[in-house]
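Q: Fold the stuff below for me.
(chains A and B)
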Amino acid sequence: MIDITFPDGRVQTYPKGTSALEIAKSISEGLARQVIAAEVNGEVRDLNRPINESAKIAFLKFEDKGGKKAFWHSTAHLMAEALESLYPGIKLGIGPPIENGFYYDIDFGDYTFGEADLEKVENKMKELAKQNNEYLRSEVSKDKALAFFTEKNDPYKLELIEALEDGNITFYTQGNFVDLCKGPHIPNTGIIKAVKLLSLAGAYWRGNEKNKMLTRIYGVSFPKQSLLDEHLQLLEEAKKRDHRRLGAELQLFMFSEKVGAGLPIWLPKGTFVRNQLENYLKEEQLKRGYQQVITPHIANKNLYITSGHYAKYGEGSFQPIKTPNENEEFFLKPMNCPHHCEIFKHVPHSYRELPIRIAEFGTVYRYEQSGELHGLSRVRSFTQDDAHIFCMPDQLKDEFLNVLDLTMQVLNRMGFSEFTAQISLRDPENKEKYIGSDEVWEKAESAIIDATREIGIPTITELGEAAFYGPKLDFMVKDALGRSWQLGTIQVDYNLPERFDLEYVASDNTKHRPVMIHRAPFGSFERFISLLIESTAGNFPLWLAPTQVMILPISDKFNAYAQYICDALKKDDFRAEIDQRQEKIGKKIRDAEVSKTPYMLIVGEKEELEGLVSARKHGQGDIGSMALKDFMLILKNELN
RNA sequence: GCCAAUGUAGCUCAGGGGUAGAGCACUUCCUUGGUAAGGAAGAGGUCAUGGGUUCAAUUCCCAUCAUUGGCUCCA
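A: A predicted model of the protein is given here:
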């Protein structure tokens, strides 16, 4: 007999070898119908797998994370089964569950699998699901596993099995389909009631671009049709927040094929938002002892030979600009740091001056791969809110804390509460990829770790994600469709001071090497604003809204009064406009709402006679009529 | 860069081997209207670009460019 401990602490005895499904049934049939996997001693397992030792058990439904994973993983197998029956001879890569669904990587050989094929596969899956086949687990020896897939002629599975240890290999079978898989899976295909194959993509085998590109099919599935409908509805909603769509609708920015791919053009309203952000940060940085500089957009090739960037990125970058002088070449600047190093070098520095903080809203140009371009989030010309701090090694932590504080302030101010702070350290297995001594790295890494701990933000740590010149802290934010983007970054750098031979005179009159911090709280205005648009759905906070108040005269008889109100608002530095079109008030309201203007003032006969305005808040509706000064008070309160 | 798909009016999209259509937006006129779309008329397109097939191509084929979804990359 074995003791089974339930999440509420209750313990019950069952015969050895009882399955989780049987345990669930012993509690209630209803529970047994809903559970799709079980967590046994913290490990998610199949429901029908016998439990042979006393254990803590928790039942997982679709709603649970582990349940979803098993459900989607099982759907991936179902898709593979459907694909094998429709396209015999295909070879399978891997097919895991992901955050919102699953995918399977398939080698279709000579067949070009297109989007038109998706529906056919979907239908086949539904048909197979109805067969209600069980997912059966079996343990196989390595020899047998290899023999099976040699017979099946699937090189990808063979490669995977080669890397596995004998005694640790399991197959799962449902219907006519057998797959190498460590599980866990749901009990049977019958509970997969709703399936949607969403998209198609190329994906290199094992994520290596030197390998063959397989066809990746993405999909999602649910135990109820209504859940799928809901999910698709959410995806539609998310698309409405896409910054590319809102950017065009709200006239914030544009692209032009003639100007070039990935080269954003900022329209007046977008420029306004960007300038507001720039002014805000400029002011903050002034308070924190930064000095603003401006450097040219191009620089002599020699600058990047010194910095080392030419060797690393020269070929894959915008190619040099030639001059009438032979052998003279200039590059569009891909980063601002080398320029700033030259500024530091311009005059000798005493330790008394440090830290020196040099800031620039520097526009940089990088030849991003064509397939990578994405709205404002990934472009070929962008402006960083860049700064480089040159300090003594023992000032590093304090400076880092200061930068961290600024970054947090920026994120808070912009309403980004959902971000991930990622500490990127070097790969301890692969130290030769990085420059600098162990001692220097340890110091830099602990400065980052200590600083984040001190300020108390949750972090995740990624080994091997550091820049080659030093560790960094990146702030990641998700877009409307759940894709993660890096915004702010703080990087410690021992490399450039070395390459540029930067030094300061210490108290003992000897020369020392400063440490450099690269930092950008926004990252770039382009990407930051793209995410700001998506997180606010285009409803900018009042201080950022290009037009704060739209004045709507009931008819053109009241244009003069509207003008008077508008002038008064402008005089107090509010951004107001008048909609003087010969349209009905309902139409003017609708247009102001659609353009996401935060406030509307309706003025007609009543308002003019009483000297009032009727206010309306975006998304909320009528907030009553009031004296203009009271309305301005509402604005002022919201701005503070 | 790679794989797949898309490209028709300012926007959203329909159409289809015989030189194009809707809604919204725009212009003009009528209407002067009270809290999310008043009415009428009009203008607007080398059907992304370049080749090819064809009596005829916006439609079929190829290439290029751009865009989209991913993969790889990201100083």
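
Q: quick one: which helix or strand includes A:Lys629?
A: helix A:628-639 (DSSP states H and E).

Q: Check which helices and strands that helix sits against.
A: helix A:559-571, strand A:599-603, strand A:613-617 (3 or more Cβ pairs under 8 Å, 6 or more residues apart in numbering; DSSP states H and E). Quick note: C-beta positions are derived from backbone N, CA and C, even for glycine.

Q: If you count neighbours, what's buried in that helix?
A: For helix A:628-639, burial by neighbour count (16 or more other Cβ atoms under 10 Å) applies to A:Leu628, A:Phe631, A:Met632, A:Leu635.

Q: Please apply the same query to stretch A:413-433.
A: Neighbour-count burial for stretch A:413-433 [16+ other Cβ under 10 Å]: A:Met414, A:Phe416, A:Phe419, A:Ala421, A:Gln422, A:Ile423, A:Ser424, A:Leu425, A:Arg426.

Q: thinking A:Asn100 is in contact with A:Lys478, fair?
A: No: counting by Cβ atoms under 8 Å, A:Asn100 stays clear of A:Lys478, with 11.7 Å between them.

Q: from the buried residues of helix A:628-639, which is closest to RNA strand B?
A: A:Phe631 (12.4 Å; Cβ to the nearest atom of the strand).

Q: contacting residues around that closest one?
A: Contact analysis of A:Phe631 by Cβ atoms under 8 Å, 6 or more residues apart in numbering lists A:Tyr599, A:Leu601, A:Val613, A:Ala615.

Q: Once you drop chain neighbours, what's closest to A:Leu228?
A: Ranked by Cβ to Cβ, 6 or more residues apart in numbering and with sequence neighbours excluded, the top spatial neighbour of A:Leu228 is A:Ala194, at 3.8 Å.

Q: For beta bridges, what are the partners of the one you found?
A: A:Phe222 (DSSP bridges).

Q: And for A:Asp493, the neighbour number?
A: For A:Asp493, the count of nearby residues is 23 (other Cβ atoms under 10 Å).

Q: That one: what's it in contact with?
A: Going by Cβ under 8 Å, 6+ apart, A:Asp493 touches A:Cys337, A:Ala467, A:Tyr469, A:Gly470, A:Val515, A:Met516, A:Ile517, A:His518.

Q: Look up how far A:Lys68 lies from it.
A: 41 Å (Cβ to Cβ, to the nearest Å).

Q: Quick check: of the buried residues of stretch A:413-433, which lies closest to RNA strand B?
A: Once Cβ to the nearest atom of the strand is applied, the member of the buried residues of stretch A:413-433 that ends up nearest RNA strand B is A:Ser424, at 9.5 Å.

Q: Tell me the bridge partners for the closest one.
A: Going by DSSP bridges, A:Ser424 forms beta bridges with A:Glu462, A:Lys472.

Q: One more: A:Ser625?
A: Judged by DSSP bridges, the bridge partners of A:Ser625 are A:Ser614.

Q: For burial, what's the neighbour tally of it?
A: Count around A:Ser625 with other Cβ under 10 Å applied: 17.

Q: likewise A:Phe59?
A: Look at A:Phe59: counted by other Cβ under 10 Å, it has 22 neighbours.
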